[in-house]
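In: sequence? don't have it. structure:
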């Protein structure tokens with residue numbers, strides 16, 4: 001009996017061993033294939049660099065209309081808010097006293113001229129003393145000057161526009177007394193076509209731009225030659241481009257910003273002084289820019305931008321990169337990537353650093369991109 005039990009036990013052990021051996025013969029579960037990721041080949045290409053900055057419109061020229069002689073205002077010769085041309089009559093001061101002064105000065109001039117001619121003839125005959133002739137000549141020249149002054153004052157009774165532009169409301173009415181030394185302007189004219197746009201840019205951005213140009217990374221000669229476009233406060237695009245004129249030499253100590261001034265055509269008076277706008281400045285072209293899709297950029301725990309590239313052994317490698325700005329749907333990379341790198345742009349979450357991946361061309365590479373030219 002015990003012998004039978006022993007045989008049965010041995011048989012069970014043998015069978016169990018066979019099962020275990022059979023199980024071991026199947027080996028460990030097969031390894032998973034490396035994840036498939038979509039990559040693009042990083043290339044250099046020309047990229048137009050722009051900066052969008054806040055701005056405010058300002059008149060191209062402003063001139064206060066003031067009287068240069070005193071008198072009673074007889075007429076206002078313009079419509080408030082209208083466009084006026086330089087030299088166009090705006091007001092008429094009572095000319096009567098100035099006309100009388102001019103007529104008197106002319107009469108004195110005629111007498112002085114006749115006396116000077118008569119004394120000149122007598123002088124040739126030695127019939128008058130040289131001093132008498134000199135006095136007559138001086139009186140004639142003085143009369144000429146007085147007549148010219150009286151003519152100028154008479155002309156100034158008609159007040160004309162000093163510049164062309166849009167004139168505001170009149171501060172005086174007909175019948176008012178105006179004086180040549182008054183502080184209040186009769187009206188103000190603003191030239192709105194063209195019009196200035198004063199744009200604020202940080203001194204750091206301007207310094208980076210100048211260094212890029214000095215290093216030959218941009219093809220333009222500086223901000224003075226840059227073009228600009230405008231977006232109005234309601235989000236609409238202004239239809240005509242402008243040109244950047246200059247940058248202020250000093251930096252605003254409170255804001256750390258410099259002011260760039262652009263000039264824009266404004267034939268329809270769409271832009272009015274004091275409006276807020278967004279200006280897009282075309283700074284130049286970087287002929288060797290590296291642009292990568294935004295979906296190919298991640299962030300580490302510090303918030304620094306990162307990218308994953310696939311090396312020539314098929315291993316994913318994490319790179320710290322530097323990006324300067326967005327251009328369309330791409331980032332402009334200034335460090336960490338070079339031409340020829342295979343950048344992961346699809347399946348980024350599956351690509352673990354320092355592990356194998358199966359790199360295939362990204363699916364969107366051959367598809368037309370939104371906004372592509």
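Out: In hand now; what should we look at? Treat the numbers as computed from the prediction; the structure is a model and nothing was measured.
In: measure stretch 59-71 end to end?
Out: 31 Å (Cα to Cα, to the nearest Å).
In: Quick check: which element contains residue 306?
Out: Per DSSP states H and E: residue 306 is located in strand 305-310.
In: Please name every helix or strand in contact with whatever helix or strand comes next after that strand.
Out: For strand 305-310, the following helix or strand on the C-terminal side (DSSP H and E) is strand 316-320. The elements that strand 316-320 packs onto, with contact taken as 3 or more Cβ pairs under 8 Å, 6 or more residues apart in numbering; DSSP states H and E, are strand 305-310. The way it works is simple: take the backbone N, C-alpha and C, and place the C-beta from them, glycine included.
In: Partner strands of the strand it packs on and their direction?
Out: strand 298-299 (antiparallel), strand 316-320 (antiparallel), strand 342-346 (antiparallel) (DSSP bridges).
In: average pLDDT across the first one?
Out: The average of the pLDDT scores along strand 298-299 is 90.
In: Distance from the chain centre to it, please.
Out: Centroid separation for strand 298-299 versus its chain: 32 Å, with Cα atoms, centre = their mean, to the nearest Å.
In: same thing with stretch 140-158?
Out: Worked out by Cα atoms, centre = their mean, stretch 140-158 lies 49 Å from the chain centre.
In: Now residue 363: closest residue in space that isn't a chain neighbour?
Out: residue 38 (5.8 Å; Cβ to Cβ, 6 or more residues apart in numbering).
In: So the one you found sits against residue 360, correct?
Out: Yes: if you go by Cβ atoms under 8 Å, residue 38 and residue 360 touch, sitting 6.1 Å apart.
In: Looking at the two, which is more packed in?
Out: residue 38 (19 against 12; other Cβ atoms under 10 Å).
In: Quick one: residues contacting that one.
Out: By Cβ atoms under 8 Å, 6 or more residues apart in numbering, the contact set of residue 38 is 344-347, 359-364.
In: let's see 6 Å
Out: By Cβ atoms under 6 Å, 6 or more residues apart in numbering, the residues touching residue 38 are 345-346, 362-363.
In: now those residues: which count as buried?
Out: The neighbour-count test (16 or more other Cβ atoms under 10 Å) applied to those identifies 345-346, 362 as buried.
In: Residue 198: which of these is nearest?
Out: residue 345 (40.7 Å; Cβ to Cβ).
In: Note down every partner strand of whichever strand or helix holds the residue nearest to residue 363 and its orientation.
Out: Assigned by DSSP H and E, residue 38 falls within strand 36-41. Using DSSP bridges, strand 36-41 pairs in its sheet with strand 342-346 (antiparallel), strand 358-361 (parallel).
In: Now residue 203: closest residue in space, sequence neighbours ignored.
Out: Nearest one to residue 203, counting by Cβ to Cβ, 6+ apart, is residue 251 at 4.8 Å.
In: And the one you found, how far from residue 197?
Out: 19 Å (Cβ to Cβ, to the nearest Å).
In: quick one, which of the two is more surrounded?
Out: Neighbour count, other Cβ under 10 Å: between residue 251 and residue 197, residue 197 has more, with 26 against 14.
In: What strand or helix carries that one?
Out: strand 187-202.
In: and what of residue 106?
Out: helix 96-124.
In: do residue 278 as well
Out: strand 276-293.
In: helices and strands around that strand, which ones?
Out: strand 44-65, strand 227-232, strand 330-335 (3 or more Cβ pairs under 6 Å, 6 or more residues apart in numbering; DSSP states H and E).
In: How about residues contacting it?
Out: By Cβ under 6 Å, 6+ apart, strand 276-293 touches 44, 46-53, 55-56, 197, 199, 209, 217-220, 226-233, 330-333, 337, 343, 345.
In: circling back to that earlier point, partner strands of the strand holding residue 197 and their direction?
Out: Short version: by DSSP bridges, strand 187-202 pairs with strand 44-65 (antiparallel), strand 165-167 (antiparallel), strand 257-264 (antiparallel).
In: coming back round to it: switch the strands paired with strand 36-41 over to a markdown table; also include distance to residue 190 and mean pLDDT.
Out: Shown next, in a markdown table, are those (distance: least, Cβ to Cβ, whole Å; pLDDT from 0 to 100):
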| stretch | distance to residue 190 | mean pLDDT |
| --- | --- | --- |
| strand 342-346 | 52 | 93 |
| strand 358-361 | 59 | 91 |
